[in-house]
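Undergrad: sequence first, predicted coordinates after that:
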Amino acid sequence: MTSHQQLPQEHTPPRYKPYHGAAGGWGALRSVAKAWVGSDNALKNIRALLKTNQHGGFDCPGCAWGDSPESGMVKFCENGAKAVNWEATKRRVDAAFFARYSVSALLEQSDYWLEYQGRLTEPMVYDPASDRYQPIDWDSAFALIARHLNGLTSPDQAEFYTSGRASNEAAFLYQLFVRAYGTNNFPDCSNMCHEASGVALGQSVGVGKGTVTFDDFEHADAIFVWGQNPGTNHPRMLDPLRDAVKRGAQVVSVNPLKERGLERFQHPQNALEMLTNSDRPTNTAYFRPALGGDMALLRGMAKFLLQWEREAQANGEPAVFDHVFIAEHGQGINEYLAVVDATPWEQLQAQSGLTLAEIEQAARMYCKGKRVIMCWAMGITQHRHSVPTIQEIVNLMLLRGNIGAPGAGLCPVRGHSNVQGDRTMGINERPPAALLDALQKRFDFPVPRENGHNTVEAIHAMLEGRAKVFIGLGGNFAQATPDSQRTARALRNCQLTVHISTKLNRSHLVHGKQALILPCLGRTDIDLQAEGPQAVTVEDSFSMVHASNGQLHPLSRQMRSEPAVVAGIAAATLGKQPVDWHWLVADYDRIRELIADTIPGFTDFNQRLRHPGGFYLGNSAGSRQWKTASGRANFKANLLPDSLLDPRVRASGQLPDLIMQSMRSHDQYNTTIYGLDDRYRGVKAQRDVLFVNEADIIRLGFAPGQKVDIVSLWDDGLVRRVQGFTLLAYDIPAGQAAAYYPEVNPLVPLESVGDGSHTPTSKFIAIKLERAGDTGRII
Ligand SMILES: Nc1nc2c(c(=O)[nH]1)N[C@H]1C(S)=C(S)[C@@H](COP(=O)(O)OP(=O)(O)OC[C@H]3O[C@@H](n4cnc5c(=O)[nH]c(N)nc54)[C@H](O)[C@@H]3O)O[C@H]1N2
Ligand SMILES: Nc1nc2c(c(=O)[nH]1)N[C@H]1C(S)=C(S)[C@@H](COP(=O)(O)OP(=O)(O)OC[C@H]3O[C@@H](n4cnc5c(=O)[nH]c(N)nc54)[C@H](O)[C@@H]3O)O[C@H]1N2
Ligand SMILES: [Mo]
């Protein structure tokens, strides 16, 4: 896999120049303008952009950040603009394209090149004789899928993947079809993303979603941003952060890298600020922990709070803890405080990578705020101990009653634009009994009750031949998942692989014995069904549900909407059971009626949707109702890991040179690579780089600019290696390294997953560096 993951520029010398401009501002506009000048569709895209996140327009296919429903501002950002532009291309990947290239030839191309070829415009089937994809009509494609599905000895031999762009309507139909077919095998992108948040919050506060809404950001005294790079991945979040700083609130960043967007910010739409080139600091403190050191930092903060609480009690001063809240809502505080007491300061310091003075400062900043919001993303969720880390965030917040009060609460910042909605609609391999009961009652079929496969389990099942059919509703399974070589083998083991996609990607090329590519409409496209143009709905990180209307004429009449494709597969496989699938997709109001009947919070869905800005689903913990077994908010008395290194890394008999995280550049959307620059980190025209501290580069016997192979450590005897990465001397804490996802996914062992979350540990990869086989030259 590694050779074709490298981009054509692999031999350009590294050009790393620190970026001194503010995040946003002119640089952002220049970058969007460049994307448009290079775009063959500029006018159309500008029209589309102006409709992004506006009432009557479409939901931005970028991230899941929400906007204030009241604000009339133009709500888009540089990276949202790139996402729209990328989807709204005029270039086509059609039958003529596939006639030109064999699958083997396409495999030699980079991910960037593959997606850049344009939109998929007609259904294609793989022909082994010519090693090419050939056109197939929709009905034959559906019949092929039905034949495979109905031929399996058990429905559990099929895997039904979802990526988080699928609309609520598509996701609801999909889960209904898959459960009527007979399985809960729903591997999902969220298994690799915020799964740990869902698991941890469910146990602690009884609901797996964030408890804050957009308004809370206007009332917070302090906002903590843990393991998240909003300047790149959630640019619209920089607005409320900037406003908070203006108001005098604190923004505290916890991130080993000094991310530009968190350091300084300048709003690209505020002309005056751009002209004066002034910018305001968004952070009032910046802590740079060891990778995976956040739990120790949080525990250390709690230990300081406990110390101050005792001092306050002894001196008759006001309490540090919110005793009224704890008495009324909390459960298990004594057990929790006992483990806080028992955790030695030395361990907290060593594991967090911070000094006691820094931990104390973080604790003071937390206590200074009456109302605190804590946000987090992948730097927190992609570790072995992510679930306990997130529960430690909750513990700290519970100590001061910071959940369910205005301006305070928990904010896991979601990734894909509708990943949260997909879960709400029942894309869940471990479905709650209430959902299954509701489906059974409404549709009257025997709903499968056993848990299904998550992403990592699905890969194991395909590797071992226990699963034989893979269907992907969006996404790029082959590239987004860990242990790329084994995942490729797993997909190739299948009898049939099917991808419902907008753009060509590597997953189409790493296919089963038979394979289909089914082209679908995206968020920006007009979705015309029998009863007229249709809107879909999505849910953002703040549990706001709103409509999305496509604006652009699809490139081809052969493309179908996701609900229509799901209905086609379902009708071919199950006939009219348990619903008339084709009748449902003629008018999506009909699908929404079924959602209203079965999914909590969606009563009168169609009527409420007409309200501009959508409606709030509510959050039980946000209103201090705790749907936990204890009926209260649980303090979780977890222990810190003995060692951050996985025992299986230690069992390899080798010690790592460095611990590496994999992350996103400024010019990518997950596996979609828009360009080869990473502006805020000063990287140009390169992706195969390894960010390392200069002292470490020298300690390990290399020189900056030198090429290395990266090998990861695990105890199973498999060699996991990627080749020819350029060492970049960077401002990164000692002992750490960073590289871009998905280029380094071959290094993440399939078995290296979070406890309780099964999420691949993409932010903690134990590596060794070797002189690159090819050149070893020093630049
Ligand atoms: N433009 C754009 N927008 C996107 C995406 C995209 O690819 N491009 N992807 C979308 C998706 S699906 C998601 S999930 C989100 C992802 O949004 P992020 O979570 O911001 O994405 P990552 O690039 O993985 O960044 C993780 C950040 O965590 C830091 N970090 C890494 N390890 C640790 C650690 O152990 N502790 C701490 N405190 N910090 C750590 C890294 O330095 C980095 O700043 O963005 C969504 N939005
Ligand atoms: N090493 C490492 N691995 C990671 C991560 C990491 O930080 N490090 N992050 C993880 C995270 S947070 C996530 S969410 C996953 C992402 O995993 P995925 O969601 O599987 O990957 P994407 O790159 O978002 O999928 C891109 C493809 O989706 C298709 N697509 C785009 N829009 C649409 C649409 O509207 N409909 C349909 N049907 N298809 C569409 C296009 O064909 C495109 O090629 O990756 C995970 N993998
Ligand atoms: Mo994600």
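TA: Good, I have the coordinates. Ligands and ions are numbered 1, 2, ... in the order given.
Undergrad: alpha carbons only for contacts and neighbour counts from here, please
TA: OK.
Undergrad: now do the same for Gly248: its pLDDT.
TA: pLDDT, Gly248: 85.
Undergrad: so which helix or strand takes in Val566?
TA: helix 562-574 (DSSP states H and E).
Undergrad: for that helix, what is the average pLDDT?
TA: So the average pLDDT for helix 562-574 ends up being 98.
Undergrad: same for it, what does it pack against?
TA: helix 138-151, helix 168-181, helix 581-586 (3 or more CA pairs under 8 Å, 6 or more residues apart in numbering; DSSP states H and E).
Undergrad: contacting residues around it?
TA: Helix 562-574 is contacted by residues 139, 142-143, 145-147, 149-150, 166, 169-171, 173-174, 177, 181, 473, 500, 520-521, 577, 580-582, 585 when judged by CA atoms under 8 Å, 6 or more residues apart in numbering.
Undergrad: among these, which ones lie close to ligand 2?
TA: When contact is defined as CA under 6 Å from any ligand atom, the contacts of helix 562-574 meet ligand 2 at 166, 473, 500, 520.
Undergrad: what sits against the residue of the stretch 601-750 of the chain found nearest ligand 3?
TA: Among all residues of the stretch 601-750 of the chain, Asn670 sits closest to ligand 3, at 7.7 Å; criterion: CA to the ion. Counting by CA under 8 Å, 6+ apart, Asn670 makes contact with 480, 664, 741-742.
Undergrad: from those residues, list the ones also adjacent to ligand 2.
TA: 480, 741-742.
Undergrad: test my guess that Trp345 contacts Gly300.
TA: Yes. Trp345 lies in contact with Gly300 (CA atoms under 8 Å); the separation is 7.4 Å.
Undergrad: picking up where we left off before, can you pick the most crowded of the contacts of Asn670?
TA: Pro742 (23 neighbours; other CA atoms under 10 Å).
Undergrad: make sure that one is indeed in a helix.
TA: No. Counting by DSSP: H, G, I helix; E, B strand; the rest coil, Pro742 is not part of a helix but coil.
Undergrad: how about the contacts made by it?
TA: Counting by CA under 8 Å, 6+ apart, Pro742 has contacts 479-480, 662, 670-671.
Undergrad: which two among those are spaced furthest apart?
TA: Taking every pair in the contacts of Pro742 and measuring CA to CA, the maximum separation is 13.1 Å, between Gln479 and Ser662.
Undergrad: neighbour count: the two, which is higher?
TA: Taking neighbours as other CA under 10 Å, Gln479 and Ser662 compare with Gln479 leading, 27 against 24.
Undergrad: quick check: the more buried one touching Arg506?
TA: Yes. Between Gln479 and Arg506 there is a contact at 6.9 Å, judged by CA under 8 Å.
Undergrad: rewinding a little: in terms of neighbours, single out the busier of Trp345 and Gly300.
TA: Gly300 (26 against 16).
Undergrad: from the contact counts, what lies against the helix or strand hosting Val199?
TA: According to DSSP H and E, Val199 maps onto helix 195-205. Applying 3+ CA pairs under 8 Å, 6+ apart, one finds that helix 195-205 makes contact with helix 378-381, helix 386-399, strand 633-634.
Undergrad: show the average pLDDT along it.
TA: According to the model, helix 195-205 has a mean pLDDT of 98.
Undergrad: past that helix, which element shows up next along the chain?
TA: Following helix 195-205 in sequence, per DSSP H and E, is helix 216-219.
Undergrad: who are the packing partners of that following helix?
TA: Helix 216-219 packs on helix 238-247, going by 3+ CA pairs under 8 Å, 6+ apart.
Undergrad: list the buried residues in the helix or strand that the helix it packs on is followed by.
TA: Once helix 238-247 ends, the next helix or strand along the chain (criterion: DSSP H and E) is strand 250-254. For strand 250-254, the neighbour count (16 or more other CA atoms under 10 Å) marks 250-254 as buried.
Undergrad: please name every helix or strand in contact with the helix or strand following strand 250-254.
TA: Using DSSP H and E, the helix or strand that follows strand 250-254 in sequence is helix 260-263. Helices and strands touching helix 260-263, by 3+ CA pairs under 8 Å, 6+ apart, are strand 23-24, helix 230-233.
Undergrad: sorry, back to before: give me phi/psi at the residue of the stretch 601-750 of the chain closest to ligand 3?
TA: Dihedral pair for Asn670: phi 50, psi -120, per degrees, to the nearest 10.
Undergrad: ok, it to Trp113 distance?
TA: Distance from Asn670 to Trp113, counting by CA to CA, to the nearest Å: 15 Å.
Undergrad: also Glu450?
TA: For Glu450, the distance to Trp113 - CA to CA - is 41 Å.
Undergrad: look at those two and report which has more neighbours.
TA: Trp113 (17 against 13).
Undergrad: buried set for stretch 389-401?
TA: Those would be 389-401, for stretch 389-401 by 16+ other CA under 10 Å.
Undergrad: would TSV of the residues you listed with distance to Phe615 and pLDDT be doable?
TA: Compiled in TSV, the buried residues of stretch 389-401 are given as follows (distance: CA to CA, whole Å; pLDDT from 0 to 100):
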residue	distance to Phe615	pLDDT
Thr389	31	98
Ile390	28	98
Gln391	29	98
Glu392	31	98
Ile393	28	98
Val394	26	98
Asn395	30	98
Leu396	30	98
Met397	27	98
Leu398	28	98
Leu399	31	98
Arg400	30	98
Gly401	27	98
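Undergrad: make CSV from these and add distance to Glu122 to it.
TA: Output for those, formatted as CSV (distance: CA to CA, whole Å):
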residue, distance to Glu122
Thr389, 46
Ile390, 44
Gln391, 47
Glu392, 49
Ile393, 48
Val394, 48
Asn395, 52
Leu396, 53
Met397, 51
Leu398, 53
Leu399, 56
Arg400, 57
Gly401, 55
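Undergrad: and Ala64, how many residues sit next to it?
TA: With other CA under 10 Å as criterion, Ala64 counts 27.
Undergrad: the one 3 residues further on now?
TA: Other residues near Asp67 come to 24 when the count uses other CA under 10 Å.
Undergrad: just the pLDDT for the nearest residue to it once chain neighbours are set aside.
TA: In space, and not counting its chain neighbours, Asp67 is closest to Phe214: 6.7 Å by CA to CA, 6 or more residues apart in numbering. Looking at Phe214, its pLDDT reads 91.
Undergrad: Phe214 contacts Ser541, doesn't it?
TA: No. Contact criterion CA under 8 Å: Phe214 and Ser541 do not qualify, at 9.2 Å.
Undergrad: between these two, what contacts are shared?
TA: By CA under 8 Å, 6+ apart, the residues touching both Phe214 and Ser541 are Gly66.
Undergrad: between the two, who's got more neighbours?
TA: The residue with more neighbours, out of Phe214 and Ser541, is Ser541; 28 against 19, by other CA under 10 Å.
Undergrad: right, and that one touches Asp67 too?
TA: No. Checked against CA under 8 Å, the pair Ser541 and Asp67 is beyond contact range at 9.8 Å.
Undergrad: on the pLDDT front, check Ser652 for me.
TA: In this model, Ser652 carries a pLDDT of 97.
Undergrad: swap that for Arg777, please
TA: With respect to pLDDT, Arg777 scores 37.
Undergrad: and for Gln343, the neighbour number?
TA: Quick fix: residue 343 is Thr, not Gln. Neighbours around Thr343, by other CA under 10 Å: 17.
Undergrad: just Val719 next, same as before
TA: For Val719, using other CA under 10 Å, the count is 12.
Undergrad: part of a strand, is Ile697?
TA: No. Counting by three-state DSSP, Ile697 is located in no strand; its state is helix.
Undergrad: ok, it - contacts?
TA: Counted by CA under 8 Å, 6+ apart, Ile697 has contacts 703-704, 727, 729.
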